[in-house]
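Peer 1: Starting from these lines, generate the structure:
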Amino acid sequence: MNLTLFTNALARHSRSLCRLLCLCMCLASAASAAEFLSLTADQPTHVYRCGAPVKITVVVSNEVAPLTGRQLRCVYQADGAPGQVTTNTAGEGLLLLTLKAPAIPGWGLLSVHLLNDKGRETLKRSLGVLSEPEAIRPGAPDPDDFDAFWAAQIAAMNATPMEPLIQPVTNAAAGMRILDVRLSCGAPVPPFTNAPANYAYLYMGMPTDASPRSLPAIVQFQGASTIGLGAHPGRMWYADCAIHVRMSPHSARNNWTPEEDKEFRALLAGWGYALMNADSRENYYMRGMILRVVRTLQFVKQQPEWDGKVLFLHGESQGGFQSLVGAALDPDASFCLAMVPAMSDHLGFRLGRRNGWPNVIRNSEGGRPADAFGTAAARVLPYYDNANFARRIKCETWIATGLLDAVCPPSSVCAVFNALPSETQRDLYLDPKAGHGTCNPAVLPRLEALLGKQ
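Peer 2: Now for the predicted structure:
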């Protein structure tokens, strides 16, 4: 296992409060006096033992001097413990806080709010910590029939023709061939039961002069903010040297109208689609998405230009979920990059932790769902949990998380990483300064080496 800890240049060296304040004052400007709020942990990695003291220095200043006597509201939520809220005063622009790392292996988040003389917030900064990330285990069990269930879903899909509908994109860059593709992924799925099929939509690009079995492949999956792909594929960075695919997360055609977008979002109940039918294993919305991932990879591997070796999967958030699913269900996947993956550790609440996005079971009491929907969903979600897909991944896998990420909590991501088989080559990147979006900078050169990108 390779664990990468991100630290910036300032965090790697000890520094005194005097230097911090001097830095603020050196930025003095006669034209303005903007306020600054900074939080610094005593451990640059922000990783602690369970229950260990966490010492945090809070500095309040403007561009010319420390701000004396300002009120700060501090909110700290640690996994396995109720939230703590305190109001403190920064004397001479300085506040020293001592907190405790989560008492269980998990994640803690401190938010500090700078208040004005009317008690209104003017600035907010956050700081995240992890306690014993290597010991974070998934809350969801690994169902005995997990493999049989997904084998049956894929077999049912494969019983129907793929029926590719392929149209060239006329404005492709010189030297590239880009195709607008629709694939049938079997029977329609809720809420699209009136559609002819469960369709996958994607753009696929490659060099126009590619020879058979000459190209690696990279498949890019999209986050939850994406409904369909636009009129032009865009961002087909590797279509000059590889088969580069961008797949829509939903059964939404490429190049659609604003009116269609509005109708589709209404059908998906805004962003509530990730909770749709989560109490039914066969009808959960994400089943259709997973089948579209599998079908897309099948199509990519059918291309005569694919070299049969490199199948690189990557995505962020919901796209990270799809990457992990693809790596688990397709044995030909060769590399998986999952950044801040959603759909992770759905049942983390059972162990006192926060659930991952989309937080299907939002209410729990004493580690148990508080309603009938949650009770049923708790039986379904293990079949859709990244942790259980991760157990089946054999290809090299890199995962990244930001310690400020309240959407896909770092503890949920660590649970997935720790579920990867010990023999799987893997890397976990912890970024203390990032929220919902980060990536190991070593990925780009590794990717371009795999794709032969010069």
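Peer 1: what about the helices in the stretch 101-250 of the chain?
Peer 2: 146-158 (DSSP state H, counting those that start in this stretch).
Peer 1: tell me the strands in it, going along the chain?
Peer 2: 106-115, 121-131, 165-168, 176-184, 199-207, 215-221, 243-247 (DSSP state E, counting those that start in this stretch).
Peer 1: Now do the domain split for this structure, please.
Peer 2: As recorded under automatic domain parsing, the domains making up the chain are 2-133, 146-451.
Peer 1: Could you list the low-confidence segments of the stretch 201-350 of the chain?
Peer 2: The stretch 201-350 of the chain contains residues with pLDDT under 70 at 233-234, 270-271.
Peer 1: show me the contacts for residue 186.
Peer 2: Residue 186 makes contact with 156, 157, 158, 159, 160, 197, 198, 291 under the criterion CB atoms under 8 Å, 6 or more residues apart in numbering. No exception for glycine: its C-beta is placed from N, CA and C like everyone else's.
Peer 1: residues near the fifth one, how many?
Peer 2: Other residues within reach of residue 160 by the criterion other CB atoms under 10 Å amount to 13.
Peer 1: Once you drop chain neighbours, what's closest to it?
Peer 2: Using CB to CB, 6 or more residues apart in numbering and skipping residues adjacent in sequence, the residue nearest residue 160 is residue 186, 4.9 Å away.
Peer 1: Repeat that for the fourth one.
Peer 2: Nearest-residue entry for residue 159: residue 186, 7.4 Å, with adjacent residues in sequence omitted and distances by CB to CB, 6+ apart.
Peer 1: cool, and the second one?
Peer 2: Counting by CB to CB, 6+ apart, residue 186 is the residue found nearest to residue 157 once chain neighbours are left out, at 3.7 Å.
Peer 1: do the last one as well
Peer 2: Take residue 291 and drop its neighbours on the chain: the residue closest to it by CB to CB, 6+ apart is residue 185, 4.7 Å away.
Peer 1: Count the neighbours of that neighbour for me.
Peer 2: 27.
Peer 1: quick one: it and residue 268, what's the gap?
Peer 2: In this view, residue 185 and residue 268 are 17 Å apart by CB to CB, to the nearest Å.
Peer 1: Over to residue 127?
Peer 2: Counting by CB to CB - residue 127 and residue 268 are separated by 35 Å.
Peer 1: ok, these two, which is more surrounded?
Peer 2: Each of residue 127 and residue 268 has its neighbours counted (other CB under 10 Å); residue 127 has more, 24 against 18.
Peer 1: ok, that one - contacts?
Peer 2: Contacts of residue 127 by CB under 8 Å, 6+ apart are 39, 41, 46, 56, 109, 110, 112, 403, 404, 432.
Peer 1: Pick the one among those residues closest to residue 84.
Peer 2: Of all the contacts of residue 127, residue 110 has the smallest distance to residue 84: 9.2 Å, by CB to CB.
Peer 1: secondary structure element for residue 266?
Peer 2: helix 258-267 (DSSP states H and E).
Peer 1: Give the buried residues for that helix.
Peer 2: When burial is assessed from 16 or more other CB atoms under 10 Å, helix 258-267 yields the following buried residues: residue 264.
Peer 1: what residue ranges in the stretch 1-150 of the chain score low on pLDDT?
Peer 2: In the stretch 1-150 of the chain (pLDDT under 70), the answer is 1-33.
Peer 1: Number of residues surrounding residue 144?
Peer 2: Counted with other CB under 10 Å, residue 144 comes out at 8.
Peer 1: From the chain's centroid, how far away is stretch 82-95?
Peer 2: 31 Å (CA atoms, centre = their mean, to the nearest Å).
Peer 1: Between the two ends of that stretch, what distance do you get?
Peer 2: 23 Å (CA to CA, to the nearest Å).
Peer 1: Same check on stretch 434-445?
Peer 2: Termini of stretch 434-445 sit 21 Å apart (CA to CA).
Peer 1: Residues contacting that stretch, please?
Peer 2: 4, 6, 316-317, 337, 339-340, 398, 400-408, 427, 429, 431.
Peer 1: and that stretch, average pLDDT?
Peer 2: If you average the pLDDT over stretch 434-445, you get 94.
Peer 1: returning to that earlier point: out of the contacts of residue 186, flag the one nearest to residue 223.
Peer 2: residue 291 (19.1 Å).
Peer 1: Name the next helix or strand following the helix or strand where the closest one lies along the chain.
Peer 2: According to DSSP H and E, residue 291 maps onto helix 285-302. Per DSSP H and E, helix 285-302 leads on to strand 306-316 as the next helix or strand towards the C-terminus.
Peer 1: Strands along the stretch 301-450 of the chain, start to end?
Peer 2: Using DSSP E, counting those that start in this stretch, strands in the stretch 301-450 of the chain cover 306-316, 335-339, 364-365, 368-369, 396-402, 426-431.
Peer 1: Next, the contact list for residue 195, please.
Peer 2: 188, 251.
Peer 1: Check the gap between it and residue 123 for me.
Peer 2: 48 Å.
Peer 1: same thing with residue 96?
Peer 2: Counting by CB to CB, the gap from residue 96 to residue 123 is 19 Å.
Peer 1: between these two, who's got more neighbours?
Peer 2: Neighbour totals were compared for residue 96 and residue 123, and residue 123 leads with 16 against 12 (other CB under 10 Å).
Peer 1: Can you name the residues bridging to that one?
Peer 2: residue 114 (DSSP bridges).
Peer 1: What residues does it make contact with?
Peer 2: By CB under 8 Å, 6+ apart, the neighbours of residue 123 are 35, 36, 37, 113, 114.
Peer 1: Kindly recompute the last result at 7 Å.
Peer 2: 35, 37, 114 (CB atoms under 7 Å, 6 or more residues apart in numbering).
Peer 1: again with residue 138
Peer 2: 345, 385, 387, 415, 419.
Peer 1: 6 Å instead?
Peer 2: By CB atoms under 6 Å, 6 or more residues apart in numbering, residue 138 lies in contact with 345, 387, 415, 419.
Peer 1: I'd like to know how far the last one sits from residue 445.
Peer 2: Residue 419 sits at a distance of 27 Å from residue 445 (criterion: CB to CB).
Peer 1: Then residue 428?
Peer 2: 19 Å.
Peer 1: Compare neighbour counts for these two and give me the winner.
Peer 2: More neighbours surround residue 428 than the other of residue 428 and residue 445, with 24 against 10 (other CB under 10 Å).
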